[in-house]
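Asks: Need a 3D model of the sequence below.
(chains A and B)
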Amino acid sequence: MDTKTRDELLKLFQSKLNQTMRLYLETCTRCGICTEACHAYASMGQVRYISAYRHEIVRRIYKRYFKGRGKLWPSVGEAKELSETALDELYEAAYSCTGCRRCMMYCPFGIDTQMLMSIAKLLLVGAHAEPEILTMLADTSIEKGKSLDIFKESFLAGIKRLEAEVVKKWRIEAGKKAIPIDVEGADLLYVALAGAHSIIPAAAVFNAAGEKWTLSFFEAVNFGAFVGDPTRTRLILDRIINEAKRLKVKEVCICECGTAFRTMKQMSGKQPFEVSAITEVHARYLRAGRIKVDKSRFKKKPITYHDPCQIARNAGVIDEPRYILRHLTDDFCEMSPDPRYNWCCGGGGGLVALGEDNLDFRMKSARVKVDQVKATGAEILTTACENCHTQLSNLNDHYKMGVDVQFLSSMVADALVQ
Amino acid sequence: MDIVYYIVLVPMVYVACVIFVVGTVVRLVKLFMTPKHSATLQIFPERRPRWLWALGDAFLLPATRRYKPFFWVVLMLFHLAFLLLIVGHIELIAEIKPFQVIPHEVFLGRGFVGLVLALAVLYFLFRRFVSPTKDLSVPEDYYLLILLFLSVLFGSQMDWARRWYGYDSLSAADYREYLSGLLYLRPHVSIDLTASGHSFMLLLHVFFANLFLLFLPFSQLMHSIFSLPMNKLRRG
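Replies: Numbering: from 1, shown residues only, chains lettered A, B, ... in the order given. Coordinates of the predicted model:
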């Protein structure tokens, strides 16, 4: 690696060094309490998947360039040069971590591995060594935000084709739009994913609840966050924030996507609107009696729920899905006695978006999740995150779990009582 | 030889203390002047009051108790023994009445506190020779534990000699005279301290303790200070 590249990468490293990051970098005692926390280590037993081992890959570079001790006596802390080999190690550490933050529950100091891996990801972006597909998808999202007029017509035509499907699930008054778009003054802006499965059930429930809603032009998923690029993350967020402000909505409701919800909820800063997960909104409708669901719809099928890490442990939506499930079934079985310690599905952090490239790792590293699901004896495995749904479906096929993997929002829509 | 005793017992102690205090303060000031992270790093579900739960996490290590109960017991014994030895050293400088709620001879614990601490440090050290902790450890982890073990061993040995073997050439009063002299900037190393058969124990104890103090502000031992704010971050 030439000096200029290294200096530029170190500037990127420096840009991440806020107070919290320094605490995370300077406090680890390598006690090993986090050893069993990572699903990849628990499933595969390889040391490189222990959280503290991942931290050290970043920490050694930090010691070498940002701590006096690393310059004077590098061997004492095994301080390491930033080199091509170091970049390979950073890639291995960052893209085998789903950012589930389960290890944070084990660490006596609460060190956040996802935060430390964000340094690794940023360095990879700076070195153009990140997974290209993630950057490409992030750039496509950003471009869509810049040139809305170009794709607006095709988007509207596509949505029009979905309206009949929405009406099949919930009949609406004649003349009313099944999927309203660009409605200024709507109460709620729904941000979906690029896919009918994320729009049709949600639209049916909004219509059933009599919500004054509008669909966003943009998809919720934030590939900028997956690739660990703060600039791209912000630009992707800004498209939705600007749309919400333009339409003067009171609430932005994020579809079943963990990263999209957490970035919008926790990283968008103070905004003139509330941010909710669709699960929270559905629970609210049920509590207020705005929608009713038929419990017999899923009768005789035990149901379990996988808490998406970014929505539950990392953003606090824990009671709401259980409240919804109590309305959908009398046969609900918890996956983990404490949702904070629920195993990650193994698909977060952009891993699912990498597709076939890392399918083998995703399957091997999530064996503990499979064991956890099997132990519930459930026939329906429901969740509220696109990534988790894809990963759990892949696991279902790979390990022949024999469960029916469903989105929670789809189950609500399917059980609506007219 | 007297000059070696004097250097270790007086100027080196002052240097170690100054570097410890200045190093700690500078590190804390630099750290807390750095901008904070803008987004929350909280783990849910939320428990309130958050500061009280953070205190519990920092001092009672509930996750460690849950997943590594034996390690938790050793950690708790280690930290408790360490605290009692700090109290013991304060009592060695001057008699402090509130500490005598339970009347005792300096140090507390009849020598067993030092023994527990030494064994705990040995446990911490030896577990680092076994995988997977071995794979996570770096040289400084071993050096610090060895340094601490040596300091505890030689310090405790002086206590054990008095308590268990009736060795009375060096008394608590001798140590008190030496330590209070250091504190009030009137250092005096009496002949009793340097001419006793166990003087080399004192020399080695103070030497390793000095090294430990010198290294502490620049090491991960600062977790003793950082643990609480970090746990507060996790609790939100």
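
Asks: For the helix or strand residue B:22 falls within, name the packing helices and strands.
Replies: Per DSSP states H and E, residue B:22 falls inside helix B:11-33. Judged by 3 or more CB pairs under 8 Å, 6 or more residues apart in numbering or on different chains; DSSP states H and E, helix B:11-33 is in contact with helix A:19-27, helix B:199-215. No exception for glycine: its C-beta is placed from N, CA and C like everyone else's.

Asks: Just send these back as a markdown table, with mean neighbour count, mean pLDDT and distance to residue A:241 too.
Replies: Converted to a markdown table, the helices and strands packed on helix B:11-33 look like this (neighbours: other CB atoms under 10 Å in any protein chain shown; pLDDT from 0 to 100; distance: least, CB to CB, whole Å):
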| stretch | mean neighbour count | mean pLDDT | distance to residue A:241 |
| --- | --- | --- | --- |
| helix A:19-27 | 22 | 97 | 24 |
| helix B:199-215 | 20 | 95 | 48 |
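
Asks: Residue of the stretch 1-150 of chain A nearest chain B, please.
Replies: residue A:110 (3.3 Å; CB to the nearest CB).

Asks: neighbours around that residue, how many?
Replies: Using other CB atoms under 10 Å in any protein chain shown, residue A:110 is surrounded by 28 other residues.

Asks: Could you check the pLDDT of residue 55?
Replies: Went with chain A since none was named. Per-residue pLDDT puts residue A:55 at 97.

Asks: My question was about chain B, not that one.
Replies: Looking at residue B:55, its pLDDT is 98.

Asks: what's the answer for residue B:2, then?
Replies: pLDDT, residue B:2: 85.

Asks: Would you agree it is in contact with residue B:194?
Replies: Yes: Residue B:2 is in contact with residue B:194 according to CB atoms under 8 Å; the separation is 6.2 Å.

Asks: These two: which has the busier surroundings?
Replies: Just comparing residue B:2 and residue B:194: by other CB under 10 Å the higher neighbour count belongs to residue B:194, 17 against 10.

Asks: in what helix or strand does the more buried one lie?
Replies: Counting by DSSP H and E, residue B:194 is found in helix B:191-195.

Asks: list the contacts for the residue nearest to the spatial centre of chain B?
Replies: Nearest to the mean C-alpha position of chain B, counting by CA atoms, centre = their mean, stands residue B:82 at 5.3 Å. Residues in contact with residue B:82, defined by CB atoms under 8 Å, 6 or more residues apart in numbering or on different chains, are residue B:117.

Asks: which element is it on?
Replies: Using DSSP H and E, residue B:82 falls within helix B:69-93.

Asks: after that helix, next one along is what?
Replies: Proceeding N to C from helix B:69-93, the next assigned helix or strand is helix B:112-127, under DSSP H and E.

Asks: just checking, what packs against that following helix?
Replies: helix B:69-93, helix B:139-164.

Asks: what packs against the helix or strand following the last one?
Replies: The reference is to helix B:139-164. Using DSSP H and E, the helix or strand that follows helix B:139-164 in sequence is helix B:172-183. Judged by 3+ CB pairs under 8 Å, 6+ apart, the packing partners of helix B:172-183 are helix B:69-93, helix B:191-195.

Asks: please redo it, this time with the cut-off set to 10 Å
Replies: Using 3 or more CB pairs under 10 Å, 6 or more residues apart in numbering or on different chains; DSSP states H and E as the contact test, the elements touching helix B:172-183 are helix B:11-33, helix B:69-93, helix B:139-164, helix B:191-195, helix B:199-215.

Asks: Could you tell me which residues within the fourth one count as buried?
Replies: This means helix B:191-195. Using 16 or more other CB atoms under 10 Å in any protein chain shown as the test for burial, helix B:191-195 gives B:193, B:194.

Asks: All set, thanks.
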